[in-house]
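Colleague: no sequence for this one, just the structure:
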């Protein structure tokens with residue numbers, strides 16, 4: 001598997017970038033077989049570390065979610081108001097279409113960013129007071145961008161995409177973050 005992966009599929013530096021992305025978000029990299037299989041299964045083949053990291057996260061989703069909520073059947077999550085999520089997706093697409101990396105080229109009004117940080121921080125604190133992990137559930141394109149947003153904002157929260165929720169888990173929305 002390793003011989004198929006490096007250098008035929010990806011470079012060693014790209015593999016290290018993917019592993020760094022996972023570790024940055026506290027995702028275990030012990031299951032290297034699953035990580036390698038996820039990378040080789042991406043079609044069409046990609047050299048984008050964000051795309052490859054997303055594929056690996058989906059392959060590791062059961063382990064990620066189990067680490068957050070244990071073996072329970074429900075995942076308590078914080079979501080974004082649909083209008084806010086649509087606005088962020090629109091900004092994401094504009095940045096991508098302009099040729100900018102979305103995590104750097106997305107434009108969010110500063111007062112909105114501050115409100116989002118405050119609301120996410122408050123929702124995370126409520127989750128922690130209830131003895132639960134704070135989990136923000138968003139659409140796949142926004143997941144890496146918002147993971148970076150909460151990390152740099154000092155919010156103690158994990159960010160999952162809808163694709164990372166295992167089929168045997170139910171979603172329980174405990175808070176919604178909006179524009180106001």
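Modeller: That came through fine. From a predicted model like this one, the values you see are computed outputs, not experimental measurements.
Colleague: Going by C-alpha atoms from here, please, whenever you check contacts or count neighbours.
Modeller: OK.
Colleague: Which of the three states applies to residue 173?
Modeller: With DSSP: H, G, I helix; E, B strand; the rest coil as the basis, residue 173 sits in strand.
Colleague: Give me the buried positions along stretch 78-92.
Modeller: 78-80, 84-85, 88-89, 91-92 (16 or more other CA atoms under 10 Å).
Colleague: Then residue 8 would be within a strand, right?
Modeller: No: counting by three-state DSSP, residue 8 falls outside a strand, being coil.
Colleague: Tell me the pLDDT of it.
Modeller: Residue 8 carries a pLDDT value of 80.
Colleague: do the one 3 residues further on as well
Modeller: Among the per-residue scores, residue 11 shows a pLDDT of 91.
Colleague: again with residue 139
Modeller: Value for residue 139, per-residue pLDDT: 96.
Colleague: Then the one 3 residues further on?
Modeller: The model reports residue 142 with a pLDDT of 95.
Colleague: how about the nearest residue to it, chain neighbours excluded?
Modeller: The shortest distance from residue 142 to any non-neighbouring residue, by CA to CA, 6 or more residues apart in numbering, is to residue 89 (6.8 Å).
Colleague: Equivalent analysis for residue 91, please.
Modeller: residue 106 (5.6 Å).
Colleague: Tell me who's in contact with the one you found.
Modeller: Each residue near residue 106 by CA atoms under 8 Å, 6 or more residues apart in numbering is listed here: 91-92, 94-95.
Colleague: who touches residue 50 in this structure?
Modeller: Residue 50 is in contact with 18, 144, counting by CA under 8 Å, 6+ apart.
Colleague: helices and strands around the helix ranked longest in the chain, which ones?
Modeller: Counting residues, the longest helix found in the chain (DSSP state H) is helix 110-129. Here helix 110-129 touches strand 170-177, going by 3 or more CA pairs under 8 Å, 6 or more residues apart in numbering; DSSP states H and E.
Colleague: In its sheet, which strands sit next to the strand it packs on, and in what direction?
Modeller: Using DSSP bridges, the strands paired with strand 170-177 in its sheet are strand 74-80 (parallel).
Colleague: just to revisit the earlier point, pull out the buried positions in the longest helix of the chain.
Modeller: 116-117, 119-121, 123-127.
Colleague: my read: residue 21 touches residue 52, true?
Modeller: No: with contact defined as CA atoms under 8 Å, residue 21 does not count as touching residue 52 (10.1 Å).
Colleague: Thanks a lot, see you next time.
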